[in-house]
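Q: sequence first, then the predicted structure, then my questions.
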Amino acid sequence: MDRWIGKVALVTGASSGIGSDTALALANAGMVVVGLARRVELIEELANKVTGSGKIYARKCDVANESELMEVFSWIRTVLCGVDVLVCNAGIFRCNFITQCESSDYRDTFNVNVVATCICIREVVKNMKERAVPGHIFIINSILGKRIPDVSFPMFGPYPASKFALCGLAEVVRKELLYFKLPIRLTSIHPGMVQTDMIKVFDSALAQRLPKLQVSDITANILYCLQTSLDVHIDELTIMPAMVPLMSHSEF
């Protein structure tokens, strides 16, 4: 992580879960982190937990609001010059049958999960190109962006559709980066169920029975990608929890 010390990372949805854990880990690794969320007070509390050489700036922002998002990028350019690592993590999940959702559920899901990601990538790539610096973009996708599991109650709403859209977005952006010969890598991460506030929308008894990843599992993979040689492109990672308990040494 030495080459990223002092560099700027932007993490959306940094108030909890994967975003919070990633923001803290990057700051502890020496990066200057800008954390975005509506619950900015939670990021301010997180900033006090930094033990490494970096720091966390807490910025209140609803990523579905383009004017608020553009204000953040203006502030970053003025104060910090630009972004070197982008972690598009903000997302919402409306647990319902898609045929019974309100129209606002469709719009809200795509505005947060897809449109905000498009805007963040556009602004970050533009800035990286102007500064002629290498960068790394992460899209926190989902296993639901690759396949829909067979379940008794498929109450996924428009969430999987938004995640499938991110797969297409990632493919197109990679080709654009190659076309413009930019030293920017893009990694799309597809976790299975992660122990975060988002799974509270599911029936608690069902959620408790299913194997789950921890947020630190996702953070560890983000750090791994950042530490690889700039000649190495990790386009995609699928990270799933073990379906059976791991055996102890005595069981081998």
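A: Structure received.

Q: is the nearest residue to N113 once chain neighbours are set aside in a helix, a strand, or coil?
A: Distances taken as Cβ to Cβ, 6 or more residues apart in numbering place S162 nearest to N113, at 3.9 Å, with adjacent residues excluded. Using the backbone N, CA and C atoms, a C-beta is placed for each residue, glycine as well. What DSSP: H, G, I helix; E, B strand; the rest coil gives for S162 is helix.

Q: can you show me the helices along the stretch 101-250 of the chain?
A: 103-110, 116-131, 159-179, 204-209, 215-227 (DSSP state H, counting those that start in this stretch).

Q: quick one: the residue nearest to N113 from L213, how far?
A: 20 Å (Cβ to Cβ, to the nearest Å).

Q: who has more neighbours out of the two?
A: S162 (25 against 18; other Cβ atoms under 10 Å).

Q: so what's the more buried one up against?
A: 91, 109-110, 113-114 (Cβ atoms under 8 Å, 6 or more residues apart in numbering).

Q: now flag whichever of these is closest to L26.
A: G91 (18.8 Å; Cβ to Cβ).

Q: the contacts of S162: which two are farthest apart?
A: Spanning the widest gap among the contacts of S162 are G91 and F110, at 11.0 Å by Cβ to Cβ.

Q: more neighbours: which of those two?
A: G91 (25 against 17).

Q: so that one sits right up against N141, yeah?
A: No. When contacts are counted by Cβ atoms under 8 Å, G91 is not listed as touching N141 (9.2 Å).

Q: reformat the contacts of S162 as CSV; add distance to P134.
A: Shown next, in CSV, are the contacts of S162 (distance: Cβ to Cβ, whole Å):
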residue, distance to P134
G91, 26
T109, 32
F110, 31
N113, 27
V114, 26
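
Q: start to end distance for stretch 79-86?
A: 17 Å (Cα to Cα, to the nearest Å).

Q: list the buried residues of it.
A: The neighbour-count check on stretch 79-86 (16 or more other Cβ atoms under 10 Å) flags 82-86 as buried.

Q: for stretch 148-160, same thing?
A: 155-160.

Q: part of a strand, is A58?
A: Yes. Under three-state DSSP, A58 sits within a strand.

Q: which stretches of the chain have low pLDDT?
A: Where the chain drops to pLDDT under 70, the residues are 152, 195-209, 244-252.

Q: center of it, which residue is that?
A: A centroid search over the chain (Cα atoms, centre = their mean) returns N89, at 2.4 Å, as the residue closest to the centre.

Q: on that earlier part again, a markdown table please, covering the buried residues of stretch 79-86 and showing secondary structure and distance to Q227.
A: Output for those, formatted as a markdown table (DSSP: H, G, I helix; E, B strand; the rest coil; distance: Cβ to Cβ, whole Å):
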| residue | secondary structure | distance to Q227 |
| --- | --- | --- |
| G82 | coil | 21 |
| V83 | coil | 19 |
| D84 | coil | 14 |
| V85 | strand | 12 |
| L86 | strand | 17 |
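
Q: measure the residue nearest to N113 to I139 for me?
A: Taken as Cβ to Cβ, the span from S162 to I139 is 12 Å.
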